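Participant: need the 3D shape of this:
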Amino acid sequence: MLKKKQKSQYQNRPKRGFTPPRQLGISHRYAKLGGSDDRSSSIYKEIDIEVRSFVSYDQEGKNNGQYFRLLENRNIVNTFDKVGRADKEFLNIVNNRIQQGFFMIKGNKDLFA
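Facilitator: Below you'll find the predicted structure:
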């Protein structure tokens, strides 16, 4: 005997045709600084400061635009919609860290050009 297939009591949800891609971002500016921590001068510390560009998508797969995220040791400091503002804040943070006693290990060639 064949059993009749029962209808689900739950409403079927439409399948989503689009899944936004992972937002990995592309590195735009990067600096690695080294030095000692202010709290304890015997501890050597490295700082990674980076501006990454991302593209955001809506649920239909349309591009919502590009934004720039300023990161310090992978922690988000701020998000910008214009690259000029992100670059300016990036240079401010790098300069502040250098004034605190850190020094440049590596970074963009045109960082202070």
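Participant: wait, what's in contact with I26?
Facilitator: Neighbour list for I26: 52-53 [criterion: Cβ atoms under 8 Å, 6 or more residues apart in numbering]. (C-beta placed from N, C-alpha, C; glycine too.)
Participant: any idea how far it lies from V77?
Facilitator: Using Cβ to Cβ, to the nearest Å, we find I26 at a distance of 18 Å from V77.
Participant: can you pull the pLDDT of R85?
Facilitator: On pLDDT, R85 comes in at 95.
Participant: for V51, see how far away L33 is.
Facilitator: Distance of L33 to V51, given as Cβ to Cβ: 15 Å.
Participant: ok, these two, which is more surrounded?
Facilitator: Shown here are L33 and V51; by other Cβ atoms under 10 Å, V51 has more neighbours (26 against 22).
Participant: doesn't F68 make contact with the more buried one?
Facilitator: Yes: contact criterion Cβ atoms under 8 Å: V51 and F68 qualify, at 5.6 Å.
Participant: any low-confidence regions in the chain?
Facilitator: Applying pLDDT under 70 to the chain flags the ranges 1-24, 37-42, 109-113.
Participant: in this structure, which spans are strands?
Facilitator: For the chain, the strands defined by DSSP state E cover 26-36, 44-57, 63-72, 75-80, 103-107.
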